[in-house]
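*Asks:* model this:
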Amino acid sequence: MEKRKLKMRVEERGETIVLKPEGPCGRDCIDALEQFIHSADRESSKHIVFDASGLDYIDSPGFRWLVDRSREVHDGGGSFTVVGLAGSAERAFRLLRLDQFIPSAPSVEAAIARQKRRHGISR
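*Replies:* Sure thing, here's the model as predicted:
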């Protein structure tokens with residue numbers, strides 16, 4: 001069976017950046033996400049939605065990245081929300097108790113609406 005290659009989609013929605021990796025979330029995925037995060041303008045990416053719906057799986061470094069970025073964005077006054085978790089990724093997210101401090105939402109639209117309510121985002 002041929003392994004899917006990682007693809008990265010990035011969408012700006014006002015003050016929110018939606019990151020949507022597709023394929024396996026291993027080391028290559030984390031490297032690509034880090035490269036994007038460090039090249040992004042901090043003001044324009046204050047609020048981040050991580051859409052996991054296109055991922056085949058999330059490995060340990062992937063979960064560690066979610067924790068680290070969530071803390072970093074929150075400490076900077078922004079918000080970080082995960083959407084689209086399913087199957088083994090969702091079970092691991094809950095088993096690791098990440099759902100207790102990383103917000104999740106059923107959809108990108110729900111995450112953005114929550115961010116607007118909590119942070120007074122006008123766009």
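*Asks:* CA atoms for contacts and neighbours, from now on please.
*Replies:* Noted.
*Asks:* what's the average pLDDT for the host helix or strand of residue 94?
*Replies:* Taking DSSP states H and E as the definition, residue 94 sits inside helix 87-95. If you average the pLDDT over helix 87-95, you get 92.
*Asks:* Also stretch 49-56?
*Replies:* 94.
*Asks:* picking up where we left off before, same question for the helix holding residue 94: list its buried residues.
*Replies:* 89-90, 92-93 (16 or more other CA atoms under 10 Å).
*Asks:* hmm, who's touching whatever helix or strand comes next after that helix?
*Replies:* Downstream of helix 87-95, the first helix or strand assigned by DSSP H and E is strand 104-105. For strand 104-105, the external contacting residues (CA atoms under 8 Å, 6 or more residues apart in numbering) are 81-84, 111.
*Asks:* quick one: strand 104-105 to chain centroid distance?
*Replies:* The chain centroid and the centroid of strand 104-105 are separated by 10 Å under CA atoms, centre = their mean, to the nearest Å.
*Asks:* quick check: mean pLDDT across that strand?
*Replies:* 95.
*Asks:* who does that strand pair up with?
*Replies:* strand 79-83 (parallel) (DSSP bridges).
*Asks:* Number of residues surrounding residue 81?
*Replies:* 23 (other CA atoms under 10 Å).
*Asks:* typo on my end, it should be residue 69
*Replies:* Neighbours around residue 69, by other CA under 10 Å: 19.
*Asks:* Using CSV, list the CA coordinates for stretch 5-22.
*Replies:* The C-alpha coordinates for stretch 5-22 follow below in CSV (Å, rounded to 0.1, in the frame of the first residue of the first chain):
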residue,chain,number,x,y,z
LYS,A,5,2.3,12.3,1.2
LEU,A,6,1.7,15.2,3.5
LYS,A,7,-0.2,18.2,2.1
MET,A,8,-0.6,21.5,4.0
ARG,A,9,-3.5,23.9,3.5
VAL,A,10,-3.5,27.3,5.1
GLU,A,11,-6.5,29.6,5.0
GLU,A,12,-6.8,33.1,6.5
ARG,A,13,-10.3,34.0,7.8
GLY,A,14,-10.0,37.5,9.3
GLU,A,15,-7.8,37.3,12.4
THR,A,16,-7.9,33.5,12.3
ILE,A,17,-5.6,31.1,10.5
VAL,A,18,-6.9,27.7,9.7
LEU,A,19,-4.2,25.0,9.4
LYS,A,20,-5.3,21.8,7.6
PRO,A,21,-2.6,19.2,7.2
GLU,A,22,-3.6,16.2,5.1
